[in-house]
Each structure stands twice: as structure tokens, then as C-alpha cells.
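*Asks:* model the following, please.
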Amino acid sequence: MFIFKKETKIPENLGEILERFQRLDERIEKLSRKLDELELKGRKHIQKIGVVRFNPFKDVGGNQSFSVAILDEDDNGVVVTGLYSREGNRIYAKPIKNGNSSFQLSEEELRAIEESSGGNQKNKNNQAAK
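*Replies:* Presented below is the predicted three-dimensional model:
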């Protein structure tokens, strides 16, 4: 069924006009409910990404290490950190809930979360690793 199918018949009396308005009201109500549903689902989609590149070790240059925060509208998601060294690479992922993690976050991970939120991180309860 096409929601916006074109009416070909011109209404001839007030009853037909009112009937069309009733159908339009029903369609608008259906679209409004669908929009509300999509907005609710959309809150859980990736909406914020922050990337920080850095050098974790003095002997390795080029800012090849990174932290990436990938969050939804409610600041839930994950922060992924890749550490590059001459001996090898390490990748770590930490879950984020409401802008915080149950794991200790490094300074770079906190910066990535803050960057993903445009510098407006709601909760800053984590302390950077020392």
C-alpha cells in the first residue's frame, strides 16, 4: 500500500472532503508513530566518533598508536586503543556506558571519548591511568 497515493477523484460534497481529512489524519498519526519509533531506535546507532593519535613510548615516533571512541547518543559504546611498538602491536577494547567504563581509562582514551562528544562529555568520573 502506498501511503501517498494520489487521489484522482475530486470530492463532490462535504462528506467526501471530511472522509479524506479523516484518512489524512490516520496517515499522519501512523507516520508520527513510525517517526517516534525510528527516533528511539536511532539513539542506539553510532553517532559520535573521536580519534586521538599519540606516541606511548619515547623510542617510537610517528603517532602510530591511537584511541578511537565509538559512541551512541547516550554515550554508550566502546573505546579501542592500538599501541604500536617495535616489538609488536597491542589492541585493547573497553566498553563505555554513559561516558564511563568499568575499566581504568588512559588519558588518551578519555580524550577520545571527550572528542567524540564534541568536548561536552557528561560524566567525567574516570581517572586517567598514572
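*Asks:* need the contact list for Ile17.
*Replies:* Neighbouring residues of Ile17 by C-beta atoms under 8 Å, 6 or more residues apart in numbering: Pro11. For every residue, glycine as well, the C-beta is placed using N, CA and C.
*Asks:* roughly how far does it sit from Arg27?
*Replies:* Ile17 sits 16 Å away from Arg27, going by C-beta to C-beta, to the nearest Å.
*Asks:* quickly list the domain ranges of this protein.
*Replies:* 1-42, 48-116 (automatic domain parsing).
*Asks:* next SSE downstream of the lengthiest helix in the chain?
*Replies:* When the chain is parsed with DSSP state H, its longest helix is helix 14-42. Counting by DSSP states H and E, the next helix or strand C-terminal to helix 14-42 is strand 48-54.
*Asks:* which residues touch that following strand?
*Replies:* With C-beta under 8 Å, 6+ apart as the criterion, strand 48-54 contacts 63-73, 75, 77, 108-109, 111-118.
*Asks:* again, 6 Å this time
*Replies:* Around strand 48-54, the neighbours that count as contacts under C-beta atoms under 6 Å, 6 or more residues apart in numbering are 63, 65-71, 108, 111-112, 115-117.
*Asks:* with stretch 66-76 instead?
*Replies:* So stretch 66-76 is contacted by 43-44, 46-53, 77-82, 97-99, 108-109, 112-113, 116 (C-beta under 6 Å, 6+ apart).
*Asks:* mind listing what's buried along the one helix or strand in the chain whose mean pLDDT sits lowest?
*Replies:* One helix or strand of the chain scores below all others by mean pLDDT, DSSP states H and E: helix 14-42, with a mean of 93. Of the residues in helix 14-42, none count as buried by neighbour count, 16 or more other C-beta atoms under 10 Å.
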